[in-house]
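J.: 3D, please:
(4 chains)
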Protein chains: 2
Amino acid sequence: MFRGPRRLGHMSAGPAESERRSGPLLQHLARRMLLRSESALTPLGLRPRHLVALTVLRDSDGISQQGLAGTLQIDGTNVVGLLNDLEAAGLVERRRSPEDRRRHVVSLTAAGTKRLGEAECALADAEDDVLGALAPGERDQLYDLLRRASQGCATPCAEAAVAESPDAC
Amino acid sequence: MFRGPRRLGHMSAGPAESERRSGPLLQHLARRMLLRSESALTPLGLRPRHLVALTVLRDSDGISQQGLAGTLQIDGTNVVGLLNDLEAAGLVERRRSPEDRRRHVVSLTAAGTKRLGEAECALADAEDDVLGALAPGERDQLYDLLRRASQGCATPCAEAAVAESPDAC
DNA sequence: TAGATAGTTCGTGTAGCACCAACTATTTAT
DNA sequence: ATAAATAGTTGGTGCTACACGAACTATCTA
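T.: All right, here's what the predicted structure looks like:
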């Protein structure tokens, strides 16, 4: 039962169409993409999470490990292992920061940039598969939105949850 | 070393800017969203994965469990547990299909639709946090793209990987 | 000189899955 | 009618990607 019309214009409690959240869809599509990416990346010796790190590093080169932990939102101790992988493969470089010698400045190597490019080529099929319903222009649009969102919350996100908005929800 | 300009217009192997893939960014943002969603959903007795299922169910009501497994791309045996959770909470319903009585037709209950709406409200802060760099109109645009992509690969995706395209990559 | 901070290593725990086996109910093929 | 396939369920094992804690070094700051 209840397969009827979903009363779009309901007035009080029902969430208007505009109340829809991207979160669950983001997770859904990310998972689908993840599954297809794994096999595509294996020949390159990379895991999806490595690609995420490399992608983030391309946009924020010279970040500290702590900064990377903040951006990726994973624990610092796990960043170590992730970077160990990438550095062992010669894709990233850890250099001591001249200003604060406790810090490691992480950056892509030339090989890392190259490998990232190869990986993106290898992901073409996966993307065709998952985003097949979108026209090429729309995919560009999507990429643009994702990238801007990603850069926008580069680091500061972590403690912004205090803002008290009188949301009508 | 090699911090110099990244030779964007390189001619042969280097991936043009247009070769960028959404996959890694999708994963990145999905993770950020996931982390914030967990705490927001706890008071509602839901996990992020439940929200994904409910969201998918809203768009493909009356799907079979196998169909759901295909859409979510998780093993059928795990779908059982997921639906057990949701059914125990009264949010979804399993009815035997009249045409094929082996099948369970899964659909949102009224309570499920309501809870999903509440959850979407609860996710407002998380979304503000993660998609804060996007203007409201852009968020709508993003949602629209994600949803269309999601519906586009509803089920058939699984075995489409055979298409042989002469990609120049 | 003492304490904080960045990174490292090791170790434990957990959630979300995949995957296998065995079973029931039901449908389809022979 | 009987066999084989299919949808779902249950229970179990194992893996991966993390979180989180403890202990340590090097370095910076008070």
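J.: tell me if stretch A:40-49 is near DNA strand C.
T.: No - on the criterion Cβ under 7 Å from any atom of the strand, stretch A:40-49 is out of touch with DNA strand C, staying 13.6 Å away. No exception for glycine: its C-beta is placed from N, CA and C like everyone else's.
J.: end-to-end on that stretch?
T.: 13 Å (Cα to Cα, to the nearest Å).
J.: for stretch A:86-94, same thing?
T.: Note: stretch A:86-94 ends 10 Å apart using Cα to Cα.
J.: how far off centre is it?
T.: 20 Å (Cα atoms, centre = their mean, to the nearest Å).
J.: and the contacts of it?
T.: Residues from elsewhere that reach stretch A:86-94 (Cβ atoms under 8 Å, 6 or more residues apart in numbering or on different chains): A:45, A:50, A:53-54, A:57, A:65, A:83, A:104-109, A:111-112, A:115-116.
J.: that stretch and DNA strand C in contact?
T.: Yes - using Cβ under 7 Å from any atom of the strand, stretch A:86-94 reaches DNA strand C at A:R94.
J.: show the contacting residues for A:N78.
T.: Per Cβ under 8 Å, 6+ apart, neighbours of A:N78: A:A69.
J.: ditto for A:P24
T.: B:48, B:51-52, B:54-56.
J.: cool, and A:R31?
T.: A:R31 neighbours (Cβ under 8 Å, 6+ apart): B:30, B:72-73.
J.: so which bits of the host helix or strand of it are buried?
T.: For A:R31, the element it lies in under DSSP states H and E is helix A:23-41. For helix A:23-41, the neighbour count (16 or more other Cβ atoms under 10 Å in any protein chain shown) marks A:23-37, A:40-41 as buried.
J.: same question for stretch A:83-98.
T.: A:83, A:85-87, A:89, A:91-94.
J.: closest to DNA strand C out of the contacts of A:R31?
T.: B:Q73 (5.8 Å; Cβ to the nearest atom of the strand).
J.: what residues does chain A have near DNA strand C?
T.: A:31, A:64-66, A:69, A:76-77, A:79-80, A:83-84, A:94, A:100, A:102-104.
J.: narrow those to just the buried residues.
T.: Among those, the ones that count as buried by 16+ other Cβ under 10 Å are A:31, A:64-65, A:69, A:79, A:83, A:94, A:103-104.
J.: JSON lines for those, including distance to B:D140?
T.: Shown next, in JSON lines, are those (distance: Cβ to Cβ, whole Å):
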{"residue": "A:R31", "distance to B:D140": "23"}
{"residue": "A:S64", "distance to B:D140": "35"}
{"residue": "A:Q65", "distance to B:D140": "36"}
{"residue": "A:A69", "distance to B:D140": "32"}
{"residue": "A:V79", "distance to B:D140": "34"}
{"residue": "A:L83", "distance to B:D140": "37"}
{"residue": "A:R94", "distance to B:D140": "41"}
{"residue": "A:R103", "distance to B:D140": "40"}
{"residue": "A:H104", "distance to B:D140": "40"}
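J.: now distance to DNA strand D, pLDDT and secondary structure too, for those, in JSON lines please.
T.: Converted to JSON lines, those look like this (distance: Cβ to the nearest atom of the strand, whole Å; pLDDT from 0 to 100; DSSP: H, G, I helix; E, B strand; the rest coil):
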{"residue": "A:R31", "distance to DNA strand D": "12", "pLDDT": "97", "secondary structure": "helix"}
{"residue": "A:S64", "distance to DNA strand D": "12", "pLDDT": "97", "secondary structure": "strand"}
{"residue": "A:Q65", "distance to DNA strand D": "13", "pLDDT": "97", "secondary structure": "helix"}
{"residue": "A:A69", "distance to DNA strand D": "8", "pLDDT": "97", "secondary structure": "helix"}
{"residue": "A:V79", "distance to DNA strand D": "8", "pLDDT": "98", "secondary structure": "helix"}
{"residue": "A:L83", "distance to DNA strand D": "12", "pLDDT": "98", "secondary structure": "helix"}
{"residue": "A:R94", "distance to DNA strand D": "13", "pLDDT": "97", "secondary structure": "strand"}
{"residue": "A:R103", "distance to DNA strand D": "8", "pLDDT": "97", "secondary structure": "coil"}
{"residue": "A:H104", "distance to DNA strand D": "11", "pLDDT": "97", "secondary structure": "strand"}
